[in-house]
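A.B. asks: fold the following for me, if possible:
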Amino acid sequence: MNIGWIIFIAIYLAVDVYTFQAIKTVTSNRWIHIAYFGVSLIILGLFIYQISAMSGNRVMTPLRMYSFGTFIAVFMPKLFVLVIVLLGEDLVRITVGLYSKFGSHEGSFYMPSRRKFISTIALGAAAIPFGALLYGMFKGRYNYQVLKYEMTFEDLPDAFDGYTITQISDIHSGSFSNAEKVQYAVDLVNEQNSDVILFTGDLVNDLAAEMRPWKKVFSTLTAKDGVYSVLGNHDYGDYYNWPNAEDKKKNLEELKNIQAEMGWDLLLNEHRFLERDGQRLALIGVENWGKGGFKKAGDLQKAVAAVGADDFKILMSHDPSHWRAEVIPHENHFHLTLSGHTHGMQFGIEIPGWVRWSPVKWRYDEWAGIYEEAGQFINVNRGFGYIGYPGRVGIWPEVSVITLKKGPRTA
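C.D. replies: From the prediction side, this is the model:
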């Protein structure tokens, strides 16, 4: 066991022992005390085992994600709620003790005992994020939301006035474990009866084989003008420890073949024209391009090589950081970009018209919903699936439905 694990375990146990003070103050029941430490140690053991088993690759299987999710649900409320409340109480207790030692005539150090009321409040407060994280794992990840937008453009071809687009993103099929819920979500997409369905990347977590059990159900996605897709950062197999480069290449080819078998048209730095009544839209799809350490395989110039400057352009690009970095400054005007990738971090608070917040906002300027800059728009889909933490809290899985309208420019 390396020093990193030793430090991690020491911190975990220190937090556990410290937050146990609240349990001990509220109840003297010996069995509750035993259960507290027993559950904590089991969760720690499972987490260490699953993470250790990932040595050599970073494949997130459902079992590993459940282990990680349970660890987060148990440990984080202790760390950020119980510890903070108990530390606050201890600061007051120590202050009183110091005053009794140096500020009173008695000259003795007296520190008050913990107050049961404070410990009860701390445990109650910790129960809120604990319950929310568990809800996210068992219910929230399947709480599919259909979000509808109407977007108006002055230069939209007349024939496409009222044209509907359904966007889904970040399926992450390797995370699925409930066929009934997945079927429900696919049916929900088809129920929108849109003119076209666009998938903006991350079909799998790591391996093309993850999609094989789900190929049949996703093959049922249908739209008048078809289903189009692009690749996301997870689709390339970059997070798996391949024995050789050839196996990695074969994996990507298999993923491409699966999409073709499902009837999806995968755009690899290329475009298609969607035509109606002699008019057309340019649908452009680039490979993944992301800031920082993410793959930069997207070639926007190649993708629009035969697209006219006056064509109405819809771009599919998995990572929204591509929008500000290359799309907005591009010589071509991209009317609408569709992205995903962020998942809204699968955690946040959204109250329509009031608040939209997630920690992911500190990483991405555009992380969920529609944004506008220089007359160009982007919709960042919150994702269909999940990875890492096997749930969603406040940021629900999304099906975006966008209706294009002809008229004065608004969003």
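A.B. asks: centre of the chain to stretch 201-210, how far?
C.D. replies: With C-alpha atoms, centre = their mean, to the nearest Å as the basis, stretch 201-210 stands 15 Å off its chain's centre.
A.B. asks: give me the residues contacting it.
C.D. replies: Under the criterion C-beta atoms under 8 Å, 6 or more residues apart in numbering, residues 57-60, 169-175, 211, 229-235, 237, 239-240, 251-252, 254-255, 258-259, 288, 316, 318, 340-341, 383, 385, 387 lie in contact with stretch 201-210. (Glycine included, C-beta is placed from N, CA and C.)
A.B. asks: also stretch 101-121?
C.D. replies: Against stretch 101-121 from outside (C-beta under 8 Å, 6+ apart): 21-23, 25-26, 85-86, 89, 93-94, 96-98, 100.
A.B. asks: just the mean pLDDT for stretch 42-55, thanks.
C.D. replies: Mean per-residue pLDDT for stretch 42-55: 86.
A.B. asks: buried ones in it, by neighbour count?
C.D. replies: Burial within stretch 42-55, assessed by neighbour count using 16 or more other C-beta atoms under 10 Å, is assigned to 43-44, 46-48, 50.
A.B. asks: where do the strands sit along the stretch 151-300 of the chain?
C.D. replies: Listed in chain order, the strands of the stretch 151-300 of the chain (DSSP state E, counting those that start in this stretch) span 163-168, 196-199, 227-229, 264-266, 270-276, 279-285.
A.B. asks: as TSV, these with mean neighbour count, mean pLDDT and distance to Ser67 would be great.
C.D. replies: Below are the strands of the stretch 151-300 of the chain laid out as TSV (neighbours: other C-beta atoms under 10 Å; pLDDT from 0 to 100; distance: least, C-beta to C-beta, whole Å):
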stretch	mean neighbour count	mean pLDDT	distance to Ser67
strand 163-168	24	98	28
strand 196-199	25	98	29
strand 227-229	23	98	31
strand 264-266	19	98	33
strand 270-276	17	98	41
strand 279-285	22	98	36
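A.B. asks: any chance of these in TSV, plus distance to Tyr110?
C.D. replies: Listed next are the strands of the stretch 151-300 of the chain as TSV, based on distance: least, C-beta to C-beta, whole Å:
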stretch	distance to Tyr110
strand 163-168	63
strand 196-199	66
strand 227-229	69
strand 264-266	72
strand 270-276	77
strand 279-285	71
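A.B. asks: so the most centrally placed residue in the chain versus Ser169, what's the distance?
C.D. replies: When the chain is reduced to its mean C-alpha position, the nearest residue by C-alpha atoms, centre = their mean turns out to be His343, at 2.5 Å. Using C-beta to C-beta, to the nearest Å, His343 is found at 9 Å from Ser169.
A.B. asks: now Glu270
C.D. replies: Look at Glu270 and Ser169: by C-beta to C-beta, they are 19 Å apart.
A.B. asks: low-confidence ranges, this protein, go.
C.D. replies: 1, 54-57, 104-107, 409-411 (pLDDT under 70).
A.B. asks: hmm, back to that, what's the closest of the strands of the stretch 151-300 of the chain to Arg392?
C.D. replies: For Arg392, the closest of the strands of the stretch 151-300 of the chain is strand 163-168, at 14.9 Å, according to C-beta to C-beta.
A.B. asks: partner strands of the closest one, with direction?
C.D. replies: Partners of strand 163-168 in the sheet, by DSSP bridges, are strand 196-199 (parallel), strand 398-406 (antiparallel).
A.B. asks: quick one: contacts of it?
C.D. replies: When contacts are taken as C-beta under 8 Å, 6+ apart, the neighbours of strand 163-168 outside the stretch itself are 189, 192-200, 223, 276, 281, 314, 338, 379, 381, 384, 398-404.
A.B. asks: noted, bye for now.
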